[in-house]
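Engineer: Everything below, folded, please.
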Amino acid sequence: MSKLSAPPTSLLDIYTGSEIFPIYSTSVTVTGGEAGHGRASGRAQSDDGALDLQFRLPAAMGGPGGATNPEQLFAAGYAACFHGALSLVATKKKIQLTRGLAIKVDVTFGRDPADGLFLLTAVVQVSLPDIEAALARELVEETEKICPYAKMVRQGIHHSVALADSASFDSTDNNAPLIAGAKNLIQQVIHAIHAGQRRLLIGIGGMAVAALGTAWPLLHKRRRHVVGEGGQGFGLMEETIVALPVH
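Structural biologist: Below you'll find the predicted structure:
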């Protein structure tokens, strides 16, 4: 097995093309399982077989727990992407980070008083041991601009929901039409992000970024986006990035 290594810092180079340049696309299919409910007993399988796991409702939602849930996967993806982006930013600046660098993302699923439906909130905490506070702030601010998960929270994300042809949709086989559809969707997402379109896939009710062990103001902005056009439907996203003093 080859040694694991981080991607090159050239990944951070500004893209100057006029068209979207997809880097990676993936597809995950979820089926309902015993309870016929994706959250309660679902199974998630990726198109390459690398991901194959069970979902269970956590105790807080009346379930037995004992397996993962969508909020944990979202938190994991966000934290991993932010960690990777911050590492590359530091490397490009020739700043040596310790292995103590850690990103903690708290995700909450809750009710939205704005429309009576549901939303997600996310709190991102960054631990940068042995890094002076001003430099830590600079690294986190720059990473927040680069990380595509943070960008999704900040700008929203384009998405589409369509009824698949039951004759060609085989959730157990991850067939070509499904993969092609996923790749097309990802390309739309990348295009929307690149163009700065503010359309919603996941509503994030709040977000905070801080460095553990320090207490310094980072950013403070609050915006609420009502988005929807061209028959794509409407959604609501609230974004808040505040200072989070941590002692």
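Engineer: Strands along this protein, start to end?
Structural biologist: Remark: strands assigned in the chain by DSSP state E are 28-31, 43-46, 52-54, 102-111, 118-127, 207-211, 221-227, 235-242.
Engineer: Where among those strands is average confidence lowest?
Structural biologist: Lowest mean pLDDT within these: strand 207-211, at a mean of 33.
Engineer: gap between Gly84 and Gln96?
Structural biologist: The gap separating Gly84 from Gln96 is 17 Å, by C-beta to C-beta, to the nearest Å. To be clear about C-beta, it is placed using only N, CA and C from the backbone, and glycine gets the same treatment.
Engineer: Please say which of those two ends up with more neighbours.
Structural biologist: Shown here are Gly84 and Gln96; by other C-beta atoms under 10 Å, Gly84 has more neighbours (17 against 8).
Engineer: wait, that one sits on Ala6?
Structural biologist: Yes - counting by C-beta atoms under 8 Å, Ala6 is a contact partner of Gly84 at 7.3 Å.
Engineer: Please tell me how far Ala133 sits from Ser41.
Structural biologist: The gap separating Ala133 from Ser41 is 46 Å, by C-beta to C-beta.
Engineer: Looking at these two, which one has more neighbours?
Structural biologist: Using other C-beta under 10 Å as the criterion, Ala133 and Ser41 rank with Ser41 on top: 18 against 13.
Engineer: Report the contact partners of that one.
Structural biologist: 32-35, 54-56 (C-beta atoms under 8 Å, 6 or more residues apart in numbering).
Engineer: Repeat that for Ala80.
Structural biologist: Ala80 neighbours (C-beta under 8 Å, 6+ apart): Ile103.
Engineer: Quick check, pLDDT for Asp130.
Structural biologist: pLDDT, read off for Asp130, is 89.
Engineer: neighbours around it, how many?
Structural biologist: The number of residues packed near Asp130 is 11, by other C-beta under 10 Å.
Engineer: pretty sure it contacts Arg99?
Structural biologist: No - using C-beta under 8 Å, Asp130 is not in contact with Arg99; the gap is 10.9 Å.
Engineer: By mean pLDDT, which helix or strand of this protein comes out lowest?
Structural biologist: When each helix and strand of the chain is scored by mean pLDDT, DSSP states H and E, strand 207-211 comes last, with a mean of 33.
Engineer: how deep is Ala90 tucked in, by neighbour count?
Structural biologist: Around Ala90 there are 20 residues (other C-beta under 10 Å).
Engineer: which residues does the closest residue in space to it that isn't next to it in sequence contact?
Structural biologist: Closest residue in space to Ala90, ignoring its immediate chain neighbours: Leu97 at 4.9 Å, by C-beta to C-beta, 6 or more residues apart in numbering. Going by C-beta under 8 Å, 6+ apart, Leu97 touches 86-87, 90, 128, 131.
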